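Colleague: Sequence isn't available, so here's the structure alone:
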């Protein structure tokens, strides 16, 4: 038998030279792979152990003109039962647990070789053996564990050899998780023609990286392909974090799922996602964030790197609320062109703003007063009255009243802004004007006391005027007989503050008025004082009471039924007044103030925008975040949002916006509501937070009322409240309306839809943006800027004669009472407006709602008196409601009420009771009208 040639004979070196140009040690190593073995990095024999010696052989494969790398080949295909082993040297594992083996090889097609036995193979086997140290000696096949059988994707054949074309295969296999300090690889050939060109053993590692300004260290991948290791990061220099940065190292050695990030600190800016650079001199960055460094604002500087703020230059300052990005400013210069307009004992001062505001928009003014004599000037004291105030004036005008006549005054107007208090050596720039008051008549005299001395004589005494404005020369007393159709006046004068009048007619009612006179003329008459000369009484109030009793007695004789009704109402009205005087609320004593705030109509301003500036706070739109649209109207949308004013607690607010494309008139009318609302400060009046006028959209910001309008709230919660709870809601509305009435403000549109309810069931009066002008339309409604409002809430005199007074608001309050007790039912139901007007004129009034206490319905009827003078005031209403809250037993209907009578006669259905009571009420009102006629 012929000797079998060795592998060099059967598998010529044509296998290896064909690799020229296919291999290079300069192949880029993936960043996530760490090589434990790479044969391309060796130029000499690797020293691997082959057995038998006739098996694997090493060749030096050239990769360029001077460099070769070792490779191994075997091609003993002509002999059966081949078992050729090739073992690597010991490979340290280092930190790897999961190792990959990459093989580059060529393998010949057995069919392309002649006379090759069937034992020719086209595969070889990969083995490994792990051990803690290198071991010498022959290969112990039993200790090696098979990884896989390796086959080529493409084999080369005779044609490829002739054309010097090789087909290179690359296979990667993963070893089981290793635990020993190192391992061996081994390759077994069982009869193939194969060349192993390169062998690489590596593990995967997430490389050290910088991501979003956080440094993540190199991290070995986990033991499984699905492993996800969380790795904490560290901020680069000049960066900080509020949430610790983390990333996850995947089993493939890739960084995934970043969480958190670092941000450049104050004084540093981000150049890339890997580096924070200090701000240069002349720049600053005030806080942690993604914004870059900014140039120092006007009139400020920074000399050092990484500055977090810029210092103000000499003479310039920052106010407490200014942030570091705002320019430094200085106090304003003096007001300009101060002029005065003297009117008797008052003066109006007007001026122009300073030529230089100091770079700020928060300029305010303070007015100082001195009263001057020939030799010196002294501070004026507190006797004067400044309108709207003496200091913190926003508008360049002020009115000063209660000056003394024939006196010299010096007024100084100082300009201030937000940094005036910081300029310690600064004296406010100011301008002054001197004025002399004119001669003025005395003010109205005080209270008048009366005493009947006999049937034809009376004594009068009075208090001197608060402001005599000179020497009182005399008093003039004017009186007349009140019962005569043609008034004939009698005039007497006295130099003292009392007088006795004789020769009056007995059993006659006289009316007296008194006024004072100085060299400047007469002052105003006092309020009339009526005296009945029928019997001695202590004062005029007693006369009125006696007269009322007599009149009531005569009327009772004429018509008994009507007198009974009137007596009940008169008694109840007296109760209102008694409660007002005798029952302090919650232990508090109600004291009448000598002076009170008066409502100022914004439309009296020549420029209504000045009224907005005067009474409403301007809010930066950046402080507002809109969360949800909760309504819409003709002027725009109403939204719910949050108001975050620096250094103030965050609050929930309602935001009313003016829609785009508005006219100047629409804008003025829209903001007039804010200038009205801004004058009010009461727990039962909706609170204005401010306005946004310097950006679009224009907005009015008010407190947010969680439960919305009262009518909708009651409908949603029908029957859910006790009478006491409903009474508490009415008490809140009455308190708010009393406050408005005291300020001389007439609401004109009081209805449950214009009352808002918060989470504590506190009711607050709202909707102050209406102008009211009556229209001559068939429905008899009056028009407002917000649309047409039904007349069902409006007093008859307001509809017929446009007579809007506090008494007409009382009528509307009675309707609101009915709405509350009926849980939001529509007043007068589906009756059209014209029929409502006619029914009211004929004496019809709304019946008591179901389960409404008779005391409350009677209070509604009092509010709906045709004669507005007969209606209770809001002060009386509030006192009576407080009495009912303090004594709930008064709410229970006494025996003999119409409801009880109807039940006793067998009328038990609520609907039937309502119809019968409605008819009774209508008949009762008609009878009252007949008696009045």
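Modeller: Received it, and whenever you're ready, just let me know what you need. Please read these numbers as outputs of a predicted model, since none were measured by experiment.
Colleague: now the strands: where do they sit in the stretch 1-150 of the chain?
Modeller: Using DSSP state E, counting those that start in this stretch, the strands of the stretch 1-150 of the chain run over 33-38, 49-51, 57-62, 68-74, 84-87, 91-92, 99-107, 123-131, 145-151.
Colleague: can you pull the pLDDT of the closest residue to residue 372 other than its chain neighbours?
Modeller: Counting by Cβ to Cβ, 6 or more residues apart in numbering, residue 372 lies nearest to residue 408, which is 4.4 Å off, once chain neighbours are set aside. Yep, even glycine has a C-beta here, placed from its N, CA and C like the rest. Looking at residue 408, its pLDDT reads 90.
Colleague: hang on, the earlier thing: any idea which of the strands of the stretch 1-150 of the chain has the lowest pLDDT on average?
Modeller: Comparing mean pLDDT across the strands of the stretch 1-150 of the chain, the weakest is strand 57-62, with a mean of 85.
Colleague: and that one, which strands flank it?
Modeller: Listed by DSSP bridges, the sheet partners of strand 57-62 and their directions read strand 68-74 (antiparallel).
Colleague: Okay, buried residues for the partner strand please.
Modeller: Across strand 68-74, burial judged by 16 or more other Cβ atoms under 10 Å covers 69-74.
Colleague: middle-most residue in this structure, spatially?
Modeller: Nearest residue to the geometric centre of the chain (Cα atoms, centre = their mean): residue 642, 1.9 Å.
Colleague: Now do it against residue 625, distance only.
Modeller: 5 Å (Cβ to Cβ, to the nearest Å).
Colleague: Residue 211 too?
Modeller: Distance from residue 211 to residue 625, counting by Cβ to Cβ: 31 Å.
Colleague: just residue 137 next, same as before
Modeller: Distance, residue 137 to residue 625, by Cβ to Cβ: 78 Å.
Colleague: Which one of those two is surrounded by more residues?
Modeller: For residue 137 versus residue 625, neighbours defined as other Cβ atoms under 10 Å are more numerous around residue 625 (13 against 6).
Colleague: May I have the strands that pair with the host helix or strand of the more buried one, each with its orientation?
Modeller: Here residue 625 sits within strand 624-632, counting by DSSP states H and E. Take DSSP bridges as the rule and strand 624-632 pairs in its sheet with strand 637-643 (antiparallel).
Colleague: Only the buried residues of the strand it pairs with, if you could.
Modeller: Neighbour-count burial for strand 637-643, counted by 16+ other Cβ under 10 Å, picks out 637-641, 643.
Colleague: again with stretch 217-234
Modeller: Across stretch 217-234, burial judged by 16+ other Cβ under 10 Å covers 219-222, 233.
Colleague: Quick check: end-to-end length of it?
Modeller: Length of stretch 217-234, first residue to last, Cα to Cα, to the nearest Å: 9 Å.
Colleague: Mind checking the pLDDT average for that stretch?
Modeller: Mean pLDDT, stretch 217-234: 91.
Colleague: Likewise for stretch 195-205?
Modeller: Across stretch 195-205, the average pLDDT comes to 94.
Colleague: next one: stretch 617-635
Modeller: Mean pLDDT, stretch 617-635: 87.
Colleague: How far away from the center of its chain is it?
Modeller: A distance of 8 Å separates the centroid of the chain from that of stretch 617-635, by Cα atoms, centre = their mean, to the nearest Å.
Colleague: Give me the contact list for it.
Modeller: Stretch 617-635 is contacted from outside by 637-646, 653-656, 658-659, 662, 666, 670, 678, 688-695, 699, 701, 708, 785-787, using Cβ atoms under 8 Å, 6 or more residues apart in numbering.
Colleague: Buried among the residues you listed? Make that a ChimeraX selection.
Modeller: To isolate the buried members of these in ChimeraX, using 16+ other Cβ under 10 Å:
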select :637,638,639,640,641,643,645,653,654,655,656,658,662,666,670,678,688,689,690,691,692,693,699,701,708,785,786
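Colleague: among the contacts of stretch 617-635, which are in helices?
Modeller: The helices, defined by DSSP state H, take in 666, 670 from the contacts of stretch 617-635.
Colleague: Would you convert the buried residues of stretch 217-234 into JSON lines that also reports distance to residue 142 and secondary structure?
Modeller: Formatted as JSON lines, the buried residues of stretch 217-234 follow (distance: Cβ to Cβ, whole Å; DSSP: H, G, I helix; E, B strand; the rest coil):
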{"residue": "219", "distance to residue 142": "37", "secondary structure": "strand"}
{"residue": "220", "distance to residue 142": "31", "secondary structure": "strand"}
{"residue": "221", "distance to residue 142": "32", "secondary structure": "coil"}
{"residue": "222", "distance to residue 142": "32", "secondary structure": "coil"}
{"residue": "233", "distance to residue 142": "48", "secondary structure": "coil"}
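Colleague: now, which of those residues sits nearest residue 531?
Modeller: The nearest member of those to residue 531, counting by Cβ to Cβ, is residue 233 at 95.5 Å.
Colleague: thinking again about what came up before, name the nearest of the buried residues of strand 637-643 relative to residue 277.
Modeller: Distance to residue 277, by Cβ to Cβ, is smallest for residue 643 among those, at 36.8 Å.
Colleague: With adjacent residues omitted, what lies nearest to that closest one?
Modeller: Of all residues not flanking residue 643 in the chain, residue 653 sits nearest, at 4.6 Å (Cβ to Cβ, 6+ apart).
Colleague: C-terminal to the lengthiest strand in the chain, what's the next element?
Modeller: The longest strand of the chain (DSSP state E) is strand 194-206. Remark: after strand 194-206, the chain's next helix or strand is strand 209-211, criterion DSSP H and E.
Colleague: helix/strand/coil for residue 836?
Modeller: Classification of residue 836 using DSSP: H, G, I helix; E, B strand; the rest coil returns helix.
Colleague: Contact partners for it?
Modeller: Contact partners of residue 836, counting by Cβ under 8 Å, 6+ apart, are 791-792, 828.
Colleague: Mind picking out the helix or strand in the protein with the poorest mean pLDDT?
Modeller: strand 773-774 (a mean of 32; mean pLDDT, DSSP states H and E).
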